[in-house]
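[1] Starting from these lines, generate the structure:
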Amino acid sequence: MEFVSANPTGPLHIGHGRGAAIGDVLCRLLAATGWEVTREFYYNDAGAQINNLALSVQSRCKGIETDDERWPADGYQGDYIREVATAYLARESVHADDQDVTAAGDPDDLDAIRRFSVAWLRREQDQDLQAFDVGFDHYFLESSLYNDGKVEAAVQAIIANGHTYEQAGALWLRTTDYGDDKDRVMRKSDGSYTYFVPDVAYHLDKWQRGFVRVVNEQGADHHSTITRVRAGLQALQAGIPQGWPEYVLHQMVTVLRGGEEVKISKRAGSYVTLRDLIDEVGRDATRFFFVMRRPDSQLVFDIDLAKQQSLDNPVYYVQYAHARICSIFENAAEKGAVLPSSEPDAATLALLTTSEELRLIRLLGSLPGVVDEAARDFEPHKIAYYLTELAGQFHSYYNKTKVVTEDQALTTARLYLLARIRQVLQNALALLGVSAPDRM
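    Next up, the predicted model:
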């Protein structure tokens, strides 16, 4: 499962955040349904954007401001660029996953600035993901594909298989043979490769590493690359199945505060960051909100709602159900009720006869099927829907039902039902990476 895969050119934005939440929950769902899952982050650490990053940091190192005519035309303007430049000039060292980089401190050494800037921002992205409780098993660098000759090898294999032609000094892939609406350039007339070519080499590497199933979670703006990457993989004639890899595409996120859209983060310069949301509304609310709608539907993230401690807030509504049950058990113990330590006998359970109790029992028994469907269809929102429904049925049941009664057997049966509800809430919240607090 590849997800997030952000360019190391700035802090993670809210689109990355939604992708991180969806990808992480899908990993949890697939693991829960029997798959052995490897989480991979693909770093696009090569190309024009990385060069723009290096030029931006270099400009800051030399004291050039963003309103100066010498500022790079496509430079990054967020305050974080100043932070990177300050750290570089101070010759700081950073550790980012698999590498340690110490800044040279020379404002004229663009290659040294590039290496340090990428490592610095990789570290920042790693820290943001850790704060979001999202981890990876493997980080893959796009630059390694070039350094190891894998991009050129993939291109030569496709040429040898007869699926390319040259026109106007460029190398074209016959993607129309694989369902595309027109053929696509692989190598431009200046000798550089177009952006989907390293993706073909990267996925060939995945196939060669033995991954019979590969799922990529990406933003919907990457939709156009799907046909091209799959065409390139088929043109390799390496035995890769058609329709491989699979894709999950998420739509954009709009952040609201006070009913108005929030577009700017001072530190990032032009977008709201994942860290902004985590710091303001907390990890649990951020994760729940990101997955509570279908990935392919646009998401409105209402900051004011996410911060409310009321039943209008969907994550509070669900977590409060768990905390409420914990409180019920404390009160029951204080009243001398015997708390069930194991499943009561059939005669006791048969006392659960109200329509609300029977609906709750049926809903509890449906979770395995919901998990299977959510994993199979790549629809993590089904778990959020399930939790909302379970919490709603519980709140309704408790508001009209006395749990601790004079009838000890009935009390035992109802407490056991609540214990099962509490456990299922914990299990389903864990699939979303959201906590189940005992008190709220």
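
[2] tell me what the helix or strand that contains residue 415 is packed against?
    Using DSSP states H and E, residue 415 maps to helix 408-431. Contacts defined by 3 or more C-beta pairs under 8 Å, 6 or more residues apart in numbering; DSSP states H and E place helix 408-431 against helix 14-32, helix 314-334, helix 346-349, helix 355-365, helix 367-376, helix 381-400. Glycine gets a C-beta too; all of them are placed from N, C-alpha and C.

[3] Please save the CA atoms from the first one in CSV.
    In this case it means helix 14-32. Provided in CSV are the C-alpha atoms of helix 14-32 (Å, rounded to 0.1, in the frame of the first residue of the first chain):
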residue,chain,number,x,y,z
ILE,A,14,-4.6,18.8,4.2
GLY,A,15,-4.8,16.8,1.0
HIS,A,16,-1.8,14.7,2.2
GLY,A,17,-3.6,14.5,5.5
ARG,A,18,-6.7,13.0,4.0
GLY,A,19,-4.6,10.6,2.0
ALA,A,20,-2.6,9.6,5.1
ALA,A,21,-5.8,8.9,7.0
ILE,A,22,-7.5,6.9,4.2
GLY,A,23,-4.3,4.9,3.4
ASP,A,24,-3.6,4.1,7.0
VAL,A,25,-7.1,2.9,7.7
LEU,A,26,-7.1,0.8,4.5
CYS,A,27,-3.9,-0.8,5.8
ARG,A,28,-5.6,-1.6,9.1
LEU,A,29,-8.6,-3.0,7.3
LEU,A,30,-6.6,-5.1,4.9
ALA,A,31,-4.5,-6.5,7.8
ALA,A,32,-7.7,-7.2,9.7
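
[4] ok, which stretches of this structure are strands?
    For the chain, applying DSSP state E gives strands covering 40-43, 93-96, 99-102, 138-141, 164-167, 170-173, 184-187, 215-219, 246-250, 253-257, 260-261, 299-302.

[5] so of the ones you listed, which one's packed in deepest?
    strand 40-43 (a mean of 23; mean count of other C-beta atoms under 10 Å).

[6] got the contact list for it?
    Strand 40-43 is contacted from outside by 1-5, 7-8, 122, 136-142, 202, using C-beta atoms under 8 Å, 6 or more residues apart in numbering.

[7] Any of those residues buried? List them.
    Listed as buried from the contacts of strand 40-43 are 1-5, 7-8, 122, 136, 139-142, 202; burial here means 16 or more other C-beta atoms under 10 Å.

[8] Quick check: helices, which of those residues are part of them?
    122, 142, 202 (DSSP state H).

[9] doesn't residue 8 make contact with the first one?
    The one in question is residue 122. Yes: with contact defined as C-beta atoms under 8 Å, residue 122 reaches residue 8; the gap is 4.8 Å.

[10] quick revisit: what would the buried ones among the contacts of strand 40-43 look like in JSON lines with pLDDT and distance to residue 171?
    Below are the buried ones among the contacts of strand 40-43 laid out as JSON lines (pLDDT from 0 to 100; distance: C-beta to C-beta, whole Å):
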{"residue": "1", "pLDDT": "98", "distance to residue 171": "32"}
{"residue": "2", "pLDDT": "98", "distance to residue 171": "26"}
{"residue": "3", "pLDDT": "98", "distance to residue 171": "31"}
{"residue": "4", "pLDDT": "97", "distance to residue 171": "31"}
{"residue": "5", "pLDDT": "95", "distance to residue 171": "26"}
{"residue": "7", "pLDDT": "90", "distance to residue 171": "25"}
{"residue": "8", "pLDDT": "91", "distance to residue 171": "28"}
{"residue": "122", "pLDDT": "93", "distance to residue 171": "32"}
{"residue": "136", "pLDDT": "96", "distance to residue 171": "34"}
{"residue": "139", "pLDDT": "93", "distance to residue 171": "30"}
{"residue": "140", "pLDDT": "94", "distance to residue 171": "25"}
{"residue": "141", "pLDDT": "92", "distance to residue 171": "24"}
{"residue": "142", "pLDDT": "93", "distance to residue 171": "20"}
{"residue": "202", "pLDDT": "98", "distance to residue 171": "19"}
